[in-house]
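Asker: sequence and predicted structure are below.
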Amino acid sequence: MSPSTDVHGVLSAIPASIPPIGAGIVGLVHAGSASAAPFLIEGHRCAIHGSGRGTETRVTFESGSAVDAVDASLGDAVNVLRAPGLLRRERAGRRGTATETLLVAPTLPIAVIQWTAPARSLPQRIRVALVPSGPGGKGSPAAGLAGISITGAPGVVLPGPDASCLVLAVVPSPVRVDIEEDGRSVVFVMPPPAGGGDGVVTLLAAGGTPTDVRAALAAAAHTPAHAVRAAMPPDEDGMTFETGVHEIDEGFAWARVRLRGLAARLEGVSPRGRLVTGLAALAAGDEESARTALATLSPGGPEHALVAARLAATLGDPSAALAAADAWTASSGATFGASAQADELPLLGLAANALADGLRYAAPDTVIADLRRLAATAREPRGEEGRTDGPRRRLPMAGRALETPDAGAGPRAEALWWSRLLDGTPDVEPPPAPGAAADLRRAAAAFVANPDVGWTLWREVLARGMADGPAGPATWDGIRGRTDAEPSVTPELLLTAAHGLLGIAPDAPVGRLVLAPRLPSHVRSFRVRGIPLGRARLAMSYERVGVTHRFTLTPEMAAVPPLIVFEPTVSGEVLATRVDGEAAELDVKSLARRAATGGALTLVPVQLPLDEVRTVEIDVRPGTP
């Protein structure tokens with residue numbers, strides 16, 4: 001072996017053997033027939049995407065290295081099973097049937113492609129096409145090794161961007177590794193099949209710093225354990241739905257997984273896209289992804305300040321918000337406020353007010369006053385606290401008026417929308433957005449006025465992504481980057497559920513949570529777990545029996561009992577209310593009638609310290625849908 005093929009000494013970390021990945025994949029899985037539709041599996045530092053049936057298998061690493069295609073000449077795929085970080089497909093070819101498993105380790109920069117089959121059906125040649133590099137995409141990472149053959153080594157080490165490297169290797173070791181004449185492909189020539197029974201061949205691709213790559217290759221010895229983690233649903237610390245409807249429960253879990261993937265690959269995404277990703281992560285209780293998004297935003301910018309403020313309001317951690325407030329209330333902050341472009345001012349005002357709200361018990365009064373003054377200079381003079389007294393109109397699908405800023409006030413309309421959405425009451429006309437993002441914003445607004453319509457719009461987007469999304473089943477966004485003109489759909493899906501459907505508005509500094517569920521009239525049972533408030537996690541269950549709507553609030557984890565401002569909206573005229581089984585006189589409020597069915601909507605507000613399991617029962621007039 002030429003010394004130049006392992007300049008970093010990383011190939012020695014490759015294990016002599018790699019156990020097969022077990023046949024049973026348990027967790028968040030989506031099974032179906034193979035098709036030409038795309039697929040995407042992802043971890044924090046690596047992703048694989050391609051065609052479900054073909055040989056197109058592209059591997060990308062956070063370091064910038066990439067593999068363009070992998071071809072083992074085993075025939076077309078027949079059946080496919082997908083998990084967040086794993087894809088398994090059966091391939092049928094002239095030499096028999098083989099099982100191909102693609103795996104992305106959840107936290108390591110390594111991708112594994114493993115074939116399990118009778119010895120005669122295992123791959124004999126594995127061709128890995130490299131992504132062109134250099135000016136005009138005419139070069140190759142293997143250009144310096146073009147035309148050579150390597151023996152006595154499991155693979156090859158290629159240079160990557162910014163002093164990183166890309167390792168391609170096969171276990172068990174190949175007879176030789178050929179670098180094609182143009183340097184565009186690496187071909188592993190395997191020994192002829194020997195003996196009977198099933199065998200295993202594993203291709204490893206790792207990209208990153210030599211230290212990270214060495215650790216990832218050594219961890220390949222535990223590939224079955226990585227497979228178990230790659231199929232797991234999102235952590236239970238975040239929000240989960242339990243409705244008994246597979247499409248909804250699994251779809252919401254997949255959306256949380258996809259959001260985690262978006263947060264791990266924010267490079268090149270606009271500040272507004274990073275902002276929305278961070279806000280959605282907080283709404284879903286995904287602290288890690290929220291902090292990842294925050295770290296990619298420029299300190300001093302309104303997007304960074306708004307995510308930091310929401311981090312304080314949702315999780316009770318004021319550290320990032322204090323740093324943002326300090327920057328804005330110093331001389332540099334005053335200069336920024338004075339010199340900001342007109343289209344930046346509305347978001348600046350929203351972020352300044354959010355910082356003041358999130359820090360009112362963590363920052364000096366002078367800082368809070370400075371933030372309020374900064375917000376006042378940014379907001380529309382005739383508005384109050386970012387609100388507007390502009391004309392009102394009715395949405396076609398709803399029966400109540402929505403606030404609408406004057407025509408042409410795009411940035412102000414957008415800031416007003418985000419303000420009301422994050423407050424859990426998106427009762428304003430949503431700003432325009434393309435495609436499914438527009439449907440979700442309409443859904444969020446419709447939940448306030450007509451929960452049936454809001455639910456239909458939200459579930460349609462959820463179902464489309466689960467069936468055949470832009471990057472394959474269980475996706476809502478394409479694989480390429482996003483821009484302000486094309487906002488990510490996944491964050492909007494989660495934001496609509498948290499703030500539109502559930503009406504969540506956390507206020508962790510005072511231990512208070514507004515929870516205003518707006519369930520459609522046909523739903524008879526519903527449960528959501530993992531609602532975040534500081535370090536506490538709450539659950540809400542709903543069931544309807546006859547004329548009674550019963551809500552149960554449970555403190556899943558809470559050192560200090562939070563105060564719940566509970567404001568459910570129910571269908572029908574309310575006749576009686578009970579709290580913890582005792583009759584209660586609550587200040588119920590009749591809302592506008594729904595345009596779709598003509599049924600009345602009623603708001604039933606009550607405040608409850610959640611020191612134990614609490615129940616709220618609402619009886620409505622018989623005959624209510």
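Answerer: Arrived safely.

Asker: may I see the buried residues of stretch 240-251?
Answerer: 240, 241, 243, 248, 249, 250, 251 (16 or more other CB atoms under 10 Å). Where you see a C-beta, it was placed from the backbone N, CA and C, and this is true even at glycine.

Asker: now, the residues you listed that are in helices?
Answerer: Applying DSSP state H to the buried residues of stretch 240-251, the entries found in helices are 248, 249, 250, 251.

Asker: hmm, residue 241 and the second one touching each other?
Answerer: Yes - between residue 249 and residue 241 there is a contact under CB atoms under 8 Å: 5.1 Å.

Asker: bridging residues for residue 150?
Answerer: Beta-bridge partners of residue 150, counted by DSSP bridges, are residue 177.

Asker: how near is the nearest residue to residue 85 once chain neighbours are set aside to residue 105?
Answerer: Once flanking residues are discounted, residue 85 sits nearest to residue 230: 3.1 Å by CB to CB, 6 or more residues apart in numbering. Residue 230 sits 7 Å away from residue 105, going by CB to CB, to the nearest Å.

Asker: got any residues that touch both of the two?
Answerer: Common neighbours of residue 230 and residue 105, using CB atoms under 8 Å, 6 or more residues apart in numbering, are 43, 85.

Asker: pLDDT of the helix or strand residue 576 falls within, averaged?
Answerer: According to DSSP states H and E, residue 576 maps onto strand 574-579. Mean pLDDT, strand 574-579: 96.

Asker: adjacent strands (with direction) for it?
Answerer: strand 582-583 (antiparallel), strand 614-620 (antiparallel).

Asker: now the ones you listed as CSV including distance to residue 142, mean pLDDT and mean neighbour count?
Answerer: As requested, the strands paired with strand 574-579 are exported to CSV (distance: least, CB to CB, whole Å; pLDDT from 0 to 100; neighbours: other CB atoms under 10 Å):
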stretch, distance to residue 142, mean pLDDT, mean neighbour count
strand 582-583, 75, 96, 9
strand 614-620, 64, 97, 20
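
Asker: tabulate the ones you listed (TSV), appending distance to residue 434.
Answerer: Output for these, formatted as TSV (distance: least, CB to CB, whole Å):
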stretch	distance to residue 434
strand 582-583	50
strand 614-620	39
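
Asker: surely residue 565 meets residue 512?
Answerer: Yes - shown here, residue 565 and residue 512 form a contact pair, counting by CB under 8 Å, at 6.4 Å.

Asker: these two: who's more crowded?
Answerer: Each of residue 565 and residue 512 has its neighbours counted (other CB atoms under 10 Å); residue 565 has more, 18 against 15.

Asker: surely the more buried one is in a strand?
Answerer: Yes - under DSSP: H, G, I helix; E, B strand; the rest coil, residue 565 sits within a strand.

Asker: which stretches of this protein aren't confidently modelled?
Answerer: Applying pLDDT under 70 to the chain flags residues 1-8, 55, 133-139, 331-342, 379-409, 480-487, 592-598, 624-625.

Asker: residue nearest the centroid of it?
Answerer: residue 259 (0.8 Å; CA atoms, centre = their mean).

Asker: so it: helix, strand or coil?
Answerer: helix.

Asker: which one is it nearest to, not counting chain neighbours?
Answerer: Residue 259 sits nearest to residue 490 (CB to CB, 6+ apart), 5.2 Å away.

Asker: also residue 60?
Answerer: Spatial nearest neighbour of residue 60, excluding adjacent residues (CB to CB, 6+ apart): residue 66 at 4.6 Å.

Asker: quick one: contacts for the one you found?
Answerer: So residue 66 contacts 58, 59, 60, 130, 131, 207 (CB under 8 Å, 6+ apart).

Asker: with just CA atoms, put the strand holding residue 576 into PDB.
Answerer: Presented in PDB, the C-alpha positions along strand 574-579 are these (Å, rounded to 0.1, in the frame of the first residue of the first chain):
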ATOM      1  CA  VAL A 574     -72.200  25.500  27.500                       C
ATOM      2  CA  LEU A 575     -74.700  24.400  30.200                       C
ATOM      3  CA  ALA A 576     -72.500  23.400  33.100                       C
ATOM      4  CA  THR A 577     -68.800  23.300  34.000                       C
ATOM      5  CA  ARG A 578     -66.900  21.300  36.700                       C
ATOM      6  CA  VAL A 579     -63.400  21.500  38.000                       C
END
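
Asker: next, the buried residues of it.
Answerer: 574, 577, 578.

Asker: just stretch 250-269 next, same as before
Answerer: Buried residues in stretch 250-269, counting neighbours by 16+ other CB under 10 Å, are found at 250-266, 269.

Asker: can you give me the end-to-end span of stretch 600-609?
Answerer: 29 Å (CA to CA, to the nearest Å).

Asker: contacting residues around that stretch?
Answerer: So stretch 600-609 is contacted by 450-451, 516, 553, 561-574, 577, 579, 584, 586-594, 614, 616, 618, 620 (CB under 8 Å, 6+ apart).

Asker: now, of those residues, which are buried?
Answerer: Burial by neighbour count, 16+ other CB under 10 Å: within the contacts of stretch 600-609 this picks out 450-451, 516, 553, 562-572, 574, 577, 586, 588, 594, 614, 616, 618, 620.

Asker: about what we covered before: tell me which of the strands paired with strand 574-579 lies nearest to residue 535.
Answerer: Across those, residue 535 has its closest neighbour in strand 614-620 (19.7 Å, CB to CB).

Asker: tell me how far the closest one lies from the chain's centre.
Answerer: Relative to its chain's centre, strand 614-620 lies at 34 Å (CA atoms, centre = their mean, to the nearest Å).

Asker: show me what it is in contact with.
Answerer: Residues outside strand 614-620 that contact it (CB under 8 Å, 6+ apart) are 547-553, 564, 566, 568, 570-581, 602, 604, 606, 608.

Asker: can I get the CA coordinates of that strand in CSV?
Answerer: The C-alpha trace of strand 614-620 is given here as CSV (Å, rounded to 0.1, in the frame of the first residue of the first chain):
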residue,chain,number,x,y,z
ARG,A,614,-56.7,18.3,37.4
THR,A,615,-59.9,17.8,35.4
VAL,A,616,-62.2,20.3,33.6
GLU,A,617,-65.5,19.0,32.4
ILE,A,618,-67.8,21.0,30.2
ASP,A,619,-71.4,20.0,29.4
VAL,A,620,-73.0,21.4,26.2
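
Asker: what's the helix or strand harbouring residue 282 packed up against?
Answerer: Applying DSSP H and E as the criterion places residue 282 in helix 271-283. Counting contacts by 3 or more CB pairs under 8 Å, 6 or more residues apart in numbering; DSSP states H and E, helix 271-283 packs against helix 246-264, helix 287-295, helix 302-315, helix 489-495.

Asker: restrict it to CA atoms and write it as CSV.
Answerer: Provided in CSV are the C-alpha atoms of helix 271-283 (Å, rounded to 0.1, in the frame of the first residue of the first chain):
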residue,chain,number,x,y,z
PRO,A,271,-31.4,33.9,8.9
ARG,A,272,-35.2,33.8,8.6
GLY,A,273,-35.1,30.1,7.9
ARG,A,274,-32.9,29.5,10.9
LEU,A,275,-35.3,31.7,13.0
VAL,A,276,-38.3,29.6,12.1
THR,A,277,-36.4,26.3,12.8
GLY,A,278,-35.4,27.5,16.3
LEU,A,279,-38.9,28.7,17.1
ALA,A,280,-40.4,25.4,16.0
ALA,A,281,-37.9,23.4,18.0
LEU,A,282,-38.8,25.3,21.2
ALA,A,283,-42.5,24.9,20.5
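
Asker: done for today, thanks.
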